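>>> got a sequence here, can you build the structure:
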Amino acid sequence: MDLEKSAAAPHGDVPAAKDRDAPAAEGCLVVALRIPLRIVVLVLVVPVRMVWDALVVAGRFLNDTVFRPLGRAALWGGRALFVWPFVGLWRYLLVPLGRGLAWLGKVLVVVPAGWAYRNLLTPLGHVLLWVYARVLTPVGHGVLWVLRGVGAVLAALGLGTYAALAWLARYLVVVPAVWLYAWVLTPVGHAIAWCARGVVWVVTTVVTGVGLALYWITRVLFVLPALAVWRWVLVPVGRVLAVVGREILDALGHAWRIAGHISLAVGRFLGTLFRWIFVEPVRWVYRSVLTPIGHAVRDTVLRPAARAARSVGRATREALASARESVRQARADFRRMLFGEPRQPQLANRREPPARETRTLGSSTTALTKD
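The predicted model follows:
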């Protein structure tokens with residue numbers, strides 16, 4: 001198609017802007033795989049998406065009705081069993097105990113240590129510093145001056161011996177050592193170094209040849225076949241698999257979204273169907289049948305029955321009250337028949353005497369003041 005377009009276009013024409021901005025044409029493999037893959041994946045994904053949506057709805061319902069109350073109860077129980085006891089233990093036991101221990105440490109350790117530092121260690125340190133500065137330092141300087149004098153005297157006495165020893169050491173040790181180094185060790189070292197360089201060159205040459213041989217053998221036997229397999233087999237297969245995988249992922253994404261819409265439509269359809277099949281008939285029956293029947297039963301049966309029950313209860317209470325009163329009266333009559341009338345208690349007369357004996361302000365009832 002591209003060759004036909006390029007052949008049909010004039011040689012001097014420039015492609016239009018929309019042709020430049022258009023996306024690159026997809027290959028026949030992509031076009032051949034896309035629609036079947038999307039159809040197959042959609043058929044496979046729709047049940048999974050519907051099951052997933054059902055599980056999500058069930059999970060939300062369980063979360064709202066079971067898990068969240070259980071979580072709150074568990075949280076409250078955890079606080080009641082673990083947090084609050086530890087808070088109370090910290091607040092009412094450990095904190096006062098720590099404050100008491102801190103006070104004891106201050107009283108028993110810090111205050112005595114501060115007093116000992118101020119009143120014992122500081123004066124003792126001043127005394128030791130004075131002894132060091134005024135006694136030990138002058139004594140040390142004197143001992144050092146004496147030792148320097150003794151050293152100077154010993155050096156003056158042993159000067160000749162030192163020169164003789166130096167001459168003997170030079171001609172017996174230094175001069176033979178220098179001659180041995182210059183005429184024996186140096187040529188031997190050069191010869192050993194030349195031999196070592198030769199051995200290193202030979203070993204390097206052998207190793208280089210062996211390395212080159214191994215390199216070309218490895219390149220010819222392993223690298224070039226592996227490169228050819230990578231370039232002419234794995235890369236095309238990988239590209240094909242990448243295209244297939246990309247199309248599968250795209251198909252899964254499209255199928256998942258379409259399955260979501262399908263699942264939502266099915267859920268709404270089932271909800272509407274459930275509402276029209278079950279909820280609306282139940283609501284209609286409740287509103288149009290059960291409610292009037294209930295009102296009729298309430299007005300014709302329950303309220304008269306309640307009034308009759310209240311009247312029966314009232315009559316029963318009155319009958320029981322009269323029966324109790326009759327029983328009480330009969331028991332009193334039977335007791336009176338057996339034991340007679342009960343004796344009435346004599347009430348003490350606590351009132352003032354009547355008529356003339358009444359005490360007034362103008363008269364007296366005593367024997368001395370009677371007329």
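
>>> biggest helix in this protein, by residue count?
helix 235-274 (DSSP state H).

>>> same for it, what does it pack against?
With contacts taken as 3 or more Cβ pairs under 8 Å, 6 or more residues apart in numbering; DSSP states H and E, helix 235-274 sits against helix 28-62. In this view, the C-beta of every residue, glycine as well, is placed from N, C-alpha and C.

>>> skip ahead from the helix it packs on and say which helix or strand is next.
Sequence-wise, the next helix or strand downstream of helix 28-62 (DSSP states H and E) is helix 68-78.

>>> how big is the angle separating that next one from helix 28-62?
Relative orientation of helix 68-78 and helix 28-62, computed by axes from the mean of the first three to the mean of the last three Cα atoms, to 10 degrees: 60 degrees.

>>> report the mean confidence score over helix 68-78.
Averaging pLDDT along helix 68-78 yields 90.

>>> give the next helix or strand downstream of that helix.
Counting by DSSP H and E, the element after helix 68-78 in chain order, helix or strand, is helix 84-89.

>>> hmm, who's touching the helix or strand hosting Val111?
Here Val111 sits within helix 111-116, counting by DSSP H and E. By Cβ atoms under 8 Å, 6 or more residues apart in numbering, the list of residues contacting helix 111-116 from outside is empty.

>>> hey, C-alpha coordinates of it in PDB?
This file holds the C-alpha atoms of helix 111-116, laid out as PDB (Å, rounded to 0.1, in the frame of the first residue of the first chain):
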ATOM      1  CA  VAL A 111      23.200  16.700  97.100                       C
ATOM      2  CA  PRO A 112      26.000  14.700  98.900                       C
ATOM      3  CA  ALA A 113      28.100  14.500  95.800                       C
ATOM      4  CA  GLY A 114      27.800  18.300  95.300                       C
ATOM      5  CA  TRP A 115      28.700  18.900  98.900                       C
ATOM      6  CA  ALA A 116      31.700  16.500  98.700                       C
END
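
>>> pLDDT below threshold where in the stretch 1-150 of the chain?
1-33, 37, 143-144, 146-150 (pLDDT under 70).

>>> do the same with the stretch 151-300 of the chain
151-171, 173.

>>> for Phe67, see how far away the residue positioned nearest the centre of the chain is.
Nearest to the geometric centre of the chain sits Leu75, at 14.6 Å (Cα atoms, centre = their mean). Separation of Leu75 from Phe67 (Cβ to Cβ, to the nearest Å) stands at 12 Å.

>>> break down the stretch 101-250 of the chain into its helices, ranges please.
Applying DSSP state H, counting those that start in this stretch to the stretch 101-250 of the chain gives helices spanning 111-116, 122-131, 137-157, 159-169, 175-180, 186-218, 224-229, 235-274.

>>> buried deepest among those, which one?
Among the helices of the stretch 101-250 of the chain, the stretch with the highest mean neighbour count (mean count of other Cβ atoms under 10 Å) is helix 235-274, at a mean of 14.

>>> what is the subsequent helix or strand relative to it?
helix 280-284.

>>> restrict that next one to CA atoms and write it as CSV.
What follows is helix 280-284, C-alpha atoms only, in CSV (Å, rounded to 0.1, in the frame of the first residue of the first chain):
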residue,chain,number,x,y,z
GLU,A,280,-43.1,-3.6,44.2
PRO,A,281,-45.6,-6.4,44.6
VAL,A,282,-44.8,-6.7,48.3
ARG,A,283,-45.1,-2.9,48.6
TRP,A,284,-48.4,-2.9,46.7
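
>>> could you give the separation of that helix from the chain centroid?
Centroid displacement of helix 280-284 relative to its chain, using Cα atoms, centre = their mean, to the nearest Å, is 49 Å.

>>> which residues are contacting the next helix or strand after that helix?
If you walk from helix 280-284 toward the C-terminus, the next helix or strand you reach (DSSP H and E) is helix 291-297. Where contact means Cβ under 8 Å, 6+ apart, no residue beyond helix 291-297 reaches it.

>>> I'd like the next helix or strand past helix 291-297.
The helix or strand immediately downstream of helix 291-297 is helix 303-339, counting by DSSP H and E.

>>> could you say what helices and strands that following helix packs with?
Counting by 3+ Cβ pairs under 8 Å, 6+ apart, helix 303-339 packs on no helix or strand.

>>> that one: which residues count as buried?
For helix 303-339, the neighbour count (16 or more other Cβ atoms under 10 Å) marks no residue as buried.
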